[in-house]
Structures are given as C-alpha cells and as structure tokens.
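Chemist: got a structure for you, letters missing:
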C-alpha cells in the first residue's frame with residue numbers, strides 16, 4: 001500500500017527554497033542542457049525514486065537521468081539533509097565499482113525498483129527511466145562524419161572528376177547549341193530542386209514520426225520554441241517583459257523608461273528574475289535593462305538547451321545522409337554548367353549566360369543547404385505544434401502561446417518602440433551566446449552511469 005502522507009510531503013518539498021537566481025532546478029537544467037519541462041519531469045521522478053528508497057528495506061536503483069538529479073541534490077547539502085528528514089530515512093548514495101558482484105547486485109536492484117514503481121505509481125515513463133539522456137528519445141543515430149567532411153570530400157571529387165567528365169561529355173556539348181543548352185540547363189535545375197524539396201519534406205515528416213510519443217520535443221514551452229525557430233534570445237526577453245507590461249507588473253513611464261508597479265503578477269522564473277532586476281535598477285532604460293537580462297541564467301538555459309537540440313539533430317545520421325544527397329545533386333548540376341563553361345572557353349564561344357547561371361546556382365546551393373540543416377527548427381517542429389499539438393490543448397487566453405503563434409503582433413503597442421531601441425543599441429547582436437556553447441557533452445548530459453543504487457540506514 002502506498003504511504004500517501006509520506007508521498008504528499010515528498011511531492012510538496014521544494015528544492016528551490018529559498019529562491020535564488022541560480023537555484024537547484026535552474027542549475028540542473030543549465031548544466032545538463034535540459035529543457036524546463038523535462039527538468040521538472042526528471043525532478044518528479046527523482047522524488048518518486050526517493051519515496052521508493054524510503055519505503056523499501058532493500059536497495060533500489062535509479063535510472064541515469066534520475067541519478068543525474070540525485071548527484072545534483074547531493075551538492076545542495078542543506079536541502080538534501082532536509083529532504084532526508086522528510087523521508088524519515090537517511091538515503092545513502094552507493095557508487096558502483098564495476099566488479100561482477102556489483103553488477104549482479106545492481107541488476108537485481110533495478111528489477112526490484114521497476115516492480116516497486118509499478119506497485120506505487122504505475123508504469124515508469126520510458127523517456128526518464130530507459131534512456132541515459134533526453135535526446136535518446138528522438139531515436140536518431142549519430143552520424144559517423146561531420147558535414148564539413150562531406151563538403152571537403154565532395155569538392156575534392158568535383159575537382160578530380162572534372163577532366164574525365166569533360167572528355168566524356170564533350171561530344172554532347174558540341175551537339176547542343178545555345179540557347180537550347182541554357183533552357184535545358186535551367187529546366188534541369190528546376191526539376192532537380194523541386195524533386196529535392198519534395199524528398200526532403202517527406203523525409204522530415206517520416207523522421208518526426210519515429211520520435212517517442214513522450215519525447216521532450218513534444219513538451220517544449222512557447223519561449224523555447226520561439227528561440228528554437230528564430231535563434232533570437234532578445235525576442236524571448238521582449239516577450240516576457242511585454243507579458244509583464246500586459247498584466248500590469250511593469251509600467252512604461254512618460255520618459256520612455258520602465259519600472260515596476262506595486263502589485264506584480266509573476267507566473268514563471270523568467271518573470272521573477274525580470275522583476276528582481278528591475279527592482280534593483282529602479283527606473284531604467286529598456287536597452288540597458290534587456291542587455292543585463294541576457295546574462296541571467298534563466299534565459300541562458302533556453303538558448304543552451306535549444307542550441308544543444310539543434311546541434312544533436314544536425315549531427316544525426318539522418319540529416320548527414322540527407323545533406324550529402326542534396327549536396328551531390330547540386331555538385332552534379334554545377335559540374336554540367338562548369339564543363340559547359342570550359343567547353344565554351346576552349347572553343348572561343350560566349351560564356352556569359354552560362355557563367356551567370358552557374359554563379360546563381362552556387363549562391364542558391366549555399367542558401368538551400370543552410371536552410372536544410374535548419375529545416376527541423378525553422379519549419380517542421382514549429383508547424384507540428386501549430387497543426388497537431390496545440391489544437392489538442394486548451395491555450396485560450398494564454399499570452400505566451402499567442403506570442404508563439406502570432407509573434408510581435410501581440411506585443412504591447414507602447415512597448416514596441418522600446419524593443420526597436422534595444423535592438424539598435426545592441427550593435428546587431430541578437431543573442432547572448434552562440435550555438436558553440438553547446439559542446440559535444442551537452443547532448444548526452446552529465447549523468448553518472450557508475451551509480452547503481454542507494455540504501456538507507
């Protein structure tokens with residue numbers, strides 16, 4: 001039987017008390033590149049695990065994600081001590097030494113944990129208990145090569161094949177006169193690009209269907225989605241501030257400065273840090289205020305987690321293979337045009353038109369391939385939320401989702417001139433960091449796989 005009184009105490013326990021700018025939840029999310037909702041889910045599962053440890057007389061074992069939360073909590077020694085008092089049991093963290101005896105002990109502990117969990121809470125969420133990181137729920141294999149490697153190999157092959165292909169295609173080029181060749185060449189480009197566009201969209205639609213239905217990508221908050229699509233952290237800051245202006249927590253003064261009202265309506269950690277900073281600064285200009293907000297951890301978590309997701313997707317085998325296919329098609333089209341130029345030069349024929357066409361093709365290729373690497377964030381995931389996910393939710397009168405759907409159209413009218421000033425004063429910088437902040441380790445989290453379980457005294 002479940003000890004409901006104990007579970008209610010555990011469930012109500014706050015790891016973020018007392019509130020701070022870099023509290024437990026925010027630090028956990030930042031250091032592991034987790035989204036906000038996934039972090040909350042992981043903390044909930046950690047609480048459930050600790051409940052099982054408290055009611056069980058035998059060892060229980062966490063998943064790697066739950067273990068990551070546990071490791072973080074152990075660092076917050078005061079909070080952990082208070083939590084164990086709530087549990088009425090001192091829960092010890094027992095690391096594995098990777099010997100055969102430990103392997104058997106922790107395997108049995110894991111089986112025991114699963115049975116206990118099902119008895120008290122039902123089925124374990126797979127994306128928390130069966131994966132070592134949230135990204136595994138995407139079911140994307142990592143590519144064996146980087147995109148820059150594919151580009152270098154493609155260019156090298158282009159150079160090597162130029163001479164043999166010239167002699168192979170020379171009779172064909174001699175037989176086709178201008179402007180027939182230009183028309184055929186442009187027609188081939190249009191057909192090829194149209195075919196690639198159809199293929200790419202079909203491939204992206206299929207890959208999204210392979211994601212676990214409970215994957216974290218289907219539970220992003222509006223501001224995470226906005227940054228994922230735009231890459232602009234200032235749009236997130238503008239949205240939060242406008243939301244607070246809209247609910248009366250912040251006022252715009254006659255001299256175009258902003259300040260807090262006596263009554264504030266705070267709905268999120270972003271709101272908390274905005275109001276706290278504004279109280280510290282007092283009446284201030286918006287460009288100065290927004291620049292300081294860029295440094296706040298609550299906003300850095302948004303771009304760190306979303307940049308990590310972008311990088312994980314770009315490094316997947318799926319995107320790498322699709323990129324190579326597109327790149328090969330463009331190289332083939334470029335080769336046909338380049339050889340026509342070479343033929344024209346050797347025969348002293350005019351090459352202006354074909355040269356212009358090839359230059360345009362090269363420029364178009366760069367833009368198209370760049371768009372391809374960002375197609376998941378620019379179009380497919382946002383469109384999935386708009387057409388499939390959000391229609392199933394009740395988002396009426398939800399300011400943040402309205403901002404995601406309608407953009408700057410929902411910003412307070414008097415606030416828009418201030419955002420324009422902030423953008424111009426930022427010297428063109430729209431983001432507080434670059435995607436390079438997401439290192440290779442960011443996509444796997446920092447879960448310690450050496451921990452097998454816990455025991456109580």
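Modeler: Good, I have the coordinates. What you are looking at is a predicted structure, and each value in this text was computed from that prediction instead of being measured.

Chemist: Tell me the pLDDT of residue 265.
Modeler: The pLDDT attached to residue 265 in the predicted structure is 85.

Chemist: What's the separation between it and residue 38?
Modeler: Relative to residue 38, residue 265 is positioned 26 Å away (C-beta to C-beta, to the nearest Å). Yep, even glycine has a C-beta here, placed from its N, CA and C like the rest.

Chemist: Point out where the stretch 251-400 of the chain drops to low pLDDT.
Modeler: The stretch 251-400 of the chain contains no residues with pLDDT under 70.

Chemist: Distance check, residue 11 against residue 5.
Modeler: Here residue 11 is placed at a distance of 11 Å from residue 5 (C-beta to C-beta).

Chemist: Comparing these two, which residue is more hemmed in?
Modeler: residue 11 (11 against 8; other C-beta atoms under 10 Å).

Chemist: do you know how far the more buried one is from residue 279?
Modeler: Shown here: residue 11 relative to residue 279, a distance of 31 Å by C-beta to C-beta.

Chemist: what's near enough to touch the closest residue to residue 275 other than its chain neighbours?
Modeler: Take residue 275 and drop its neighbours on the chain: the residue closest to it by C-beta to C-beta, 6 or more residues apart in numbering is residue 264, 5.4 Å away. Each residue near residue 264 by C-beta atoms under 8 Å, 6 or more residues apart in numbering is listed here: 244, 249, 271, 275.

Chemist: does residue 264 count as helix, strand or coil?
Modeler: Using DSSP: H, G, I helix; E, B strand; the rest coil, the secondary structure recorded for residue 264 is coil.

Chemist: ok, it to residue 343 distance?
Modeler: 73 Å.

Chemist: wait, what's in contact with the residue nearest to residue 260 when sequence neighbours are not counted?
Modeler: The spatially closest residue to residue 260, leaving aside those adjacent along the chain, is residue 278, at 5.1 Å (C-beta to C-beta, 6+ apart). If you count contacts by C-beta under 8 Å, 6+ apart, residue 278 has them with 250, 258-260, 284, 289.

Chemist: Just the residues you listed: which are in helices?
Modeler: If you go by DSSP state H, the contacts of residue 278 have residue 289 in helices.

Chemist: now, which of the contacts of residue 278 sits nearest residue 29?
Modeler: Using C-beta to C-beta, residue 289 is the member of those that sits closest to residue 29, with 23.8 Å.

Chemist: My guess is the closest one contacts residue 275. True?
Modeler: No: in terms of C-beta atoms under 8 Å, residue 289 does not count as a neighbour of residue 275; the distance is 11.5 Å.

Chemist: quick one: which of those two has more around it?
Modeler: Looking at residue 289 and residue 275 with other C-beta under 10 Å, you find the greater number of neighbours at residue 289, namely 21 against 18.

Chemist: For residue 112, which residues are in contact?
Modeler: 56, 58-61.

Chemist: one step back: which strand or helix spans the residue nearest to residue 260?
Modeler: Here residue 278 sits within helix 269-281, counting by DSSP states H and E.

Chemist: Now that helix: buried residues?
Modeler: Of the residues in helix 269-281, 269-278, 281 count as buried by neighbour count, 16 or more other C-beta atoms under 10 Å.

Chemist: which of the residues you listed lies closest to residue 405?
Modeler: Each of those was scored against residue 405 by C-beta to C-beta, and residue 270 proved nearest at 18.9 Å.

Chemist: Which residue is the nearest non-sequential neighbour of the closest one?
Modeler: residue 240 (4.7 Å).

Chemist: Same question for residue 390.
Modeler: Setting aside the residues directly before and after it, residue 390 is nearest to residue 401 in space (C-beta to C-beta, 6+ apart), at 6.7 Å.

Chemist: If you count contacts, what does the helix or strand where the one you found lies end up packed against?
Modeler: Taking DSSP H and E as the definition, residue 401 sits inside helix 399-406. With contacts defined as 3 or more C-beta pairs under 8 Å, 6 or more residues apart in numbering; DSSP states H and E, helix 399-406 has these neighbours: helix 222-230, helix 233-246.

Chemist: which residues are in contact with it?
Modeler: Contacts of helix 399-406 with the rest of the structure, by C-beta under 8 Å, 6+ apart, involve 221-223, 225-226, 239, 242-243, 246-247, 385-386, 390, 395, 410-411.

Chemist: Whichever of those end up buried, select them in PyMOL.
Modeler: Of these, the buried ones go into a single PyMOL selection, burial set by 16+ other C-beta under 10 Å:
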select buried, resi 221+222+223+225+226+239+242+243+247+385+390+395+410+411
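
Chemist: Looking at the contacts of helix 399-406, which one is closest to residue 176?
Modeler: Nearest to residue 176 among the contacts of helix 399-406: residue 386, at 46.9 Å, using C-beta to C-beta.

Chemist: So residue 265 and residue 38 - more neighbours on which side?
Modeler: More crowded of residue 265 and residue 38, by other C-beta under 10 Å: residue 38, with 22 against 13.
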